[in-house]
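Undergrad: Coordinates for the following, if possible.
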Amino acid sequence: MTAVPQPGEPLPDAPGPSDRGLFGSLPRMRQDPIGLLMDSARTYGDVVRFRFVNRPVYLIVDPEDIRHVFQENYRNYSKQTRGFQVLRSFLAGGLLTAEGSEWLKQRRIAQPAFHRARIAGFGETMARAADEMLDRWDASGAETLDVTAEMMRLTLRIVGETLLGSDVSSDADRVGRAVAVALRMANDSITRLVEPPRFLPIRRNRQLGEALRTLDEVVYGMVARRRRSGADTGDLLSMLMHARDEETGDGMDDRQLRDEVMTIFLAGHETTAVALGWTWYLLSTHPAAARRLIEEVDTVVGSRRPTSDDLPRLRYTEQVIKESMRLYPPAWIISRSAIGDDVIRGYRIPAGAFVFASPYVTHRRPSLWENPEGFDPERFEPGRTDDPPHFRYFPFGGGPRQCIGNTFAMMELQLVVATVARRCRLDLIPGQRIGVTPSITLRPTRPILMSRHPRTACLGALAPPRAARAALGS
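TA: From the prediction side, this is the model:
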């Protein structure tokens, strides 16, 4: 629990790893961030203090403390952290990295595009895109798939068509590679002691420059085509292009539009693709859960394409996705910077300190979750337990800065999983050792390779629900 600081009252500092050495805990944070945070939470409790060179850094684990930072006292915590500074180097002033009144203005412009009624209308596009991906798999005859890359292509197409009114399928591979390079470079920069100037012609700068040029080419091309057409299609890009400043009447220039669209590319396809990849991995390694999911899809959807109207009845599918994001939250760590002094759980948080909240750590806290390392979709079953209190489970963050696209992402995840499960089964190729790479997002250490088995060959996707249930029980 948090406390209000009392004038003149001496407050203790939070416990944490030894500060020996010039760099403190920074070397291990670079080498094994998840190990450092998990071990420290187990050893020192709900508030842990680290030192990164001369900067105090605090990890908060308890849901009430996370609520304090993200919701109750959020005005005292800014995004002026090293991580967001690095993201600004290629997202600039987009919604994800903006602050204060500028963020509020951008949020108000974008919010109507994510209204529940509008999002429901995107369902047909999402399911159709997934179906056409499956058609491509069938036509290729490929039995082994790089599911990581396939999900990136799919989610890029979906965000392009639904929010930006553009089919970027032809650019999917090079956009995916460029985003991967940019994220890797950004992750390296976050814990780097000295960041080499961008103008130096070293290898990493050349790679990052090429990646950003690729993204700029795609994004600026999209903006230019829409400006030439002058069409108002009602999507997010149209809303951004037709928005006007209340005081000056000015609209966004191409650079501002580029920043917003780049943010949508990152937040709108990268995180969802990562979540899908981990979901297929977990379903393959937990066949009982996969069988129950397939039975539900067969019962609810049958031989047709799923729609947004099916979502309330695809309850187990939703539980699987929630449990997947509990174990592998794509946005695995969230950082803030304390503007003024604060007190959390009786410990002093000085102005200028960085504060980390990690969904990965809190989602695996034994005091908060039964069998926290186990894959158990039933834990999200209505009526089994009380709904998880906010910030015990927070894959989309929380408070005023909660991800604007959380409803969009959950619908996309459910419809894609149901569409794929209706037509095929994905099995992990034996012998792979899939670990986690805690970059900006929680990517797998290597591409997730899976074998594809059409449902007609394994369970009979188009069979009536009763026949499907009999097959599942055999």
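Undergrad: Let me see the contact set for Pro287.
TA: Contacts for Pro287 (CB atoms under 8 Å, 6 or more residues apart in numbering) come out as none. (Each C-beta comes from the backbone N, C-alpha and C, glycine too.)
Undergrad: how about the strands in the chain?
TA: Secondary structure of the chain by DSSP state E: the strands cover 47-52, 55-60, 77-78, 144-146, 334-338, 342-344, 347-349, 354-357, 424-428, 436-438, 442-444, 449-454.
Undergrad: give me every residue that touches the spatially most central residue of the chain.
TA: Nearest to the geometric centre of the chain sits Thr271, at 3.3 Å (CA atoms, centre = their mean). With contact set as CB under 8 Å, 6+ apart, Thr271 has these partners: 330-331, 409, 441.
Undergrad: and if you look at Arg184?
TA: Applying CB under 8 Å, 6+ apart, the residues contacting Arg184 are Ser439.
Undergrad: Break the chain into its domains for me.
TA: The record's domain split for the chain, according to automatic domain parsing, is 1-91+333-372, 92-331+395-473.
Undergrad: And the ones you listed: which comes nearest Glu381?
TA: Closest to Glu381 of those is domain 92-331+395-473 (CB to CB; 6.2 Å).
Undergrad: gap between Ile344 and Asp39?
TA: Separation of Ile344 from Asp39 (CB to CB, to the nearest Å) stands at 20 Å.
Undergrad: So which of the contacts of Thr271 is the closest to Leu134?
TA: Nearest to Leu134 among the contacts of Thr271, with distances taken as CB to CB, is Ala409, at 20.7 Å.
Undergrad: Now that the closest one has come up, it's in contact with Val274, right?
TA: No: taking CB atoms under 8 Å as the definition, Ala409 is not a contact partner of Val274, at 10.9 Å.
Undergrad: need the least confident one among the domains of the chain, by mean pLDDT.
TA: When these are ranked by mean pLDDT, domain 92-331+395-473 comes last with a mean of 83.
Undergrad: Just give me how far it sits from the chain centre.
TA: 9 Å (CA atoms, centre = their mean, to the nearest Å).
Undergrad: Equivalent analysis for stretch 350-357, please.
TA: 22 Å.
Undergrad: Mind listing what's buried along that stretch?
TA: For stretch 350-357, burial by neighbour count (16 or more other CB atoms under 10 Å) applies to 353-357.
Undergrad: which one among the residues you listed gets closest to Leu156?
TA: For those, the nearest to Leu156 is Ala357 (28.4 Å; CB to CB).
Undergrad: More neighbours: which of Ile344 and Asp39?
TA: Ile344 (24 against 14; other CB atoms under 10 Å).
Undergrad: is the more buried one in a bridge, and if so with what?
TA: Thr2, Tyr347 (DSSP bridges).
Undergrad: and it, how far is that from Ser25?
TA: From Ile344 over to Ser25 the distance is 19 Å, taken as CB to CB.
Undergrad: that older thread, which one of the strands of the chain lies nearest to Leu240?
TA: Per CB to CB, nearest to Leu240 of the strands of the chain: strand 77-78, 24.2 Å.
Undergrad: Pull the residues that contact that closest one.
TA: With CB under 8 Å, 6+ apart, strand 77-78 has contacts from 69-70, 99, 336-339, 355.
Undergrad: picking that back up, turn the domains of the chain into TSV, columns for distance to Phe380.
TA: Below are the domains of the chain laid out as TSV (distance: least, CB to CB, whole Å):
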stretch	distance to Phe380
domain 1-91+333-372	11
domain 92-331+395-473	4
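Undergrad: Grab the nearest non-local neighbour of Asp19.
TA: In space, and not counting its chain neighbours, Asp19 is closest to Arg51: 4.7 Å by CB to CB, 6 or more residues apart in numbering.
Undergrad: residues in contact with that neighbour?
TA: 16, 19, 24-25, 57.
Undergrad: And the furthest pair within these?
TA: Among the contacts of Arg51, Asp19 and Val57 lie farthest apart (CB to CB), at 11.3 Å.
Undergrad: more neighbours, these two?
TA: Higher neighbour count among Asp19 and Val57: Val57, with 21 against 13, using other CB under 10 Å.
Undergrad: Enumerate every residue touching the more buried one.
TA: Contacts of Val57 (CB under 8 Å, 6+ apart): 25, 49-51, 353-356.
Undergrad: can we see that at 6 Å?
TA: 50, 354 (CB atoms under 6 Å, 6 or more residues apart in numbering).
Undergrad: for it, which residues make a bridge with it?
TA: Applying DSSP bridges, one finds that Val57 bridges with Phe50, Phe354.
Undergrad: where's Asp376 relative to Ser358, distance?
TA: 20 Å.
Undergrad: All the helices of the stretch 351-474 of the chain, residue numbers only.
TA: In the stretch 351-474 of the chain, the segments counted as helices under DSSP state H, counting those that start in this stretch are 359-362, 406-423, 455-458, 465-473.
Undergrad: nope, the stretch 151-300 of the chain is what I meant
TA: 172-190, 203-229, 236-242, 254-265, 271-285, 287-300.
Undergrad: just those: most buried one?
TA: helix 271-285 (a mean of 24; mean count of other CB atoms under 10 Å).
Undergrad: now it against strand 449-454, angle please.
TA: Per axes from the mean of the first three to the mean of the last three CA atoms, to 10 degrees, the angle that helix 271-285 makes with strand 449-454 is 70 degrees.
Undergrad: tell me the angle of helix 271-285 relative to helix 287-300?
TA: 110 degrees.
Undergrad: Need the CA coordinates for helix 271-285. CSV is fine.
TA: Taking Å, rounded to 0.1, in the frame of the first residue of the first chain, the C-alpha atoms of helix 271-285 are listed here in CSV:
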residue,chain,number,x,y,z
THR,A,271,2.3,-6.5,-30.0
THR,A,272,-0.7,-8.4,-31.4
ALA,A,273,1.6,-10.6,-33.6
VAL,A,274,3.8,-11.4,-30.6
ALA,A,275,0.7,-12.4,-28.6
LEU,A,276,-0.6,-14.7,-31.4
GLY,A,277,2.8,-16.4,-31.7
TRP,A,278,2.9,-17.2,-28.0
THR,A,279,-0.7,-18.4,-28.1
TRP,A,280,0.0,-20.9,-30.9
TYR,A,281,3.1,-22.1,-29.0
LEU,A,282,1.1,-22.6,-25.8
LEU,A,283,-1.8,-24.4,-27.5
SER,A,284,0.7,-26.8,-29.2
THR,A,285,2.4,-27.6,-25.9
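Undergrad: on that earlier part again, what is the nearest of the contacts of Thr271 to Thr299?
TA: Ala409 (24.7 Å).
Undergrad: rewinding a little: of the contacts of Thr271, closest to Arg422?
TA: For the contacts of Thr271, the nearest to Arg422 is Ala409 (20.4 Å; CB to CB).
Undergrad: so that closest one sits right up against Glu270, yeah?
TA: No: using CB atoms under 6 Å as the test, Ala409 is too far from Glu270 to be in contact (11.1 Å).
Undergrad: Stretch 401-421: which residues count as buried?
TA: For stretch 401-421, a neighbour-count test (16+ other CB under 10 Å) marks 401, 403-405, 408-421 as buried.
Undergrad: what residues does stretch 144-152 touch?
TA: Under CB under 6 Å, 6+ apart, the answer for stretch 144-152 is 176, 273, 276-277, 280, 447-452.
Undergrad: Give me the nearest residue to Pro307, chain neighbours excluded.
TA: To be clear, residue 307 is Thr; Pro isn't right here. Gly123 (5.5 Å).
Undergrad: so who does the one you found touch?
TA: 307-308, 415.
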